[in-house]
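Undergrad: Got a sequence here, can you build the structure:
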Amino acid sequence: MEYIHHYLPIVISSAAVYVFIVAAIRLFGKREFAQLSIVDLVFVLLISNAVQNAMVGPDTTLAGGLVAASTLFLLNFILRTLTYRFPGLLNFITGHAMILIYKGEVNEENLRKAHISINELLETVHEHGTDAIKEVDLAILETDGNISVISDNFKKRSNRPRKRRKKLLS
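TA: Okay, here's the model as predicted:
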């Protein structure tokens with residue numbers, strides 16, 4: 001019983017951090033995690049370091065770390081199970097796909113919502129083997145942050161991950 005009282009705060013703190021991080025990712029956009037740039041990787045590493053103490057508090061023992069990690073794994077399993085059983089929950093967490101181009105016309109409103117510049121969109125169109133936006137029948141920002149492009153009257157489809165932003169140190 002003493003162990004439960006000792007580790008319960010770690011379980012509660014870890015759960016709170018998990019829910020916060022999932023909510024923060026939802027609020028700040030899916031596009032950021034499609035492929036991690038160096039800046040994104042540093043951000044993720046710093047976030048993990050920043051919340052570590054909030055999860056385990058003064059307990060820096062192996063057992064404390066394993067309780068926190070186990071809590072995160074369990075919550076992740078529960079969330080994946082719930083989103084599988086309740087697709088509406090998945091839509092709430094991941095959002096919806098957005099049409100960026102339809103029949104050669106750019107959807108400016110969705111570009112603004114996704115924080116994608118016209119230059120980034122054009123670069124992505126080129127990466128998918130199409131020369132110009134006017135040649136694209138459909139481009140969709142998927143819920144995982146990738147952009148799918150269909151051109152040539154919906155015959156040529158490409159769903160490649162977005163190219164990583166240029167490295168700061170090359």
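
Undergrad: Could you use CA atoms for every contact and neighbour count after this?
TA: Noted.

Undergrad: Assess the claim that Asn110 and Leu100 are in contact.
TA: Yes. Assessed by CA atoms under 8 Å, Asn110 is found in contact with Leu100 at 6.1 Å.

Undergrad: Those two - which one has more neighbours?
TA: Neighbours around Asn110 and Leu100, counted as other CA atoms under 10 Å, are more numerous at Leu100. The numbers are 24 against 16.

Undergrad: I'd like to know which elements the strand or helix carrying that one is packed against.
TA: Element membership for Leu100, per DSSP states H and E: strand 98-102. When contacts are defined as 3 or more CA pairs under 8 Å, 6 or more residues apart in numbering; DSSP states H and E, strand 98-102 sits against helix 108-114, strand 136-141.

Undergrad: Give me the angle between it and strand 136-141.
TA: 160 degrees (axes from the mean of the first three to the mean of the last three CA atoms, to 10 degrees).

Undergrad: Give the partner strands of strand 98-102 in its sheet and their orientations.
TA: Pairing partners of strand 98-102, with direction, according to DSSP bridges: strand 105-106 (antiparallel), strand 136-141 (antiparallel).

Undergrad: to the chain's geometric centre, what's the distance from the helix or strand following the longest one?
TA: Note on strand 136-141: by DSSP H and E, the next helix or strand toward the C-terminus is strand 147-151. Using CA atoms, centre = their mean, to the nearest Å, the mean C-alpha position of strand 147-151 is found 19 Å from that of the whole chain.

Undergrad: what mean pLDDT does strand 147-151 have?
TA: Averaged across strand 147-151, the pLDDT comes to 88.

Undergrad: From the contact counts, what lies against that strand?
TA: Packing partners of strand 147-151 (3+ CA pairs under 8 Å, 6+ apart): strand 136-141, strand 156-158.

Undergrad: Worst mean pLDDT among those strands?
TA: Lowest mean pLDDT within the helices and strands packed on strand 147-151: strand 156-158, at a mean of 53.

Undergrad: returning to what we had before: point out the most buried one among the helices and strands packed on strand 98-102.
TA: Looking across the helices and strands packed on strand 98-102 with neighbours counted as mean count of other CA atoms under 10 Å, the highest average goes to strand 136-141: a mean of 22.

Undergrad: In this protein, spot the helix with the most residues.
TA: Secondary structure of the chain read by DSSP state H shows that its longest helix is helix 2-28.
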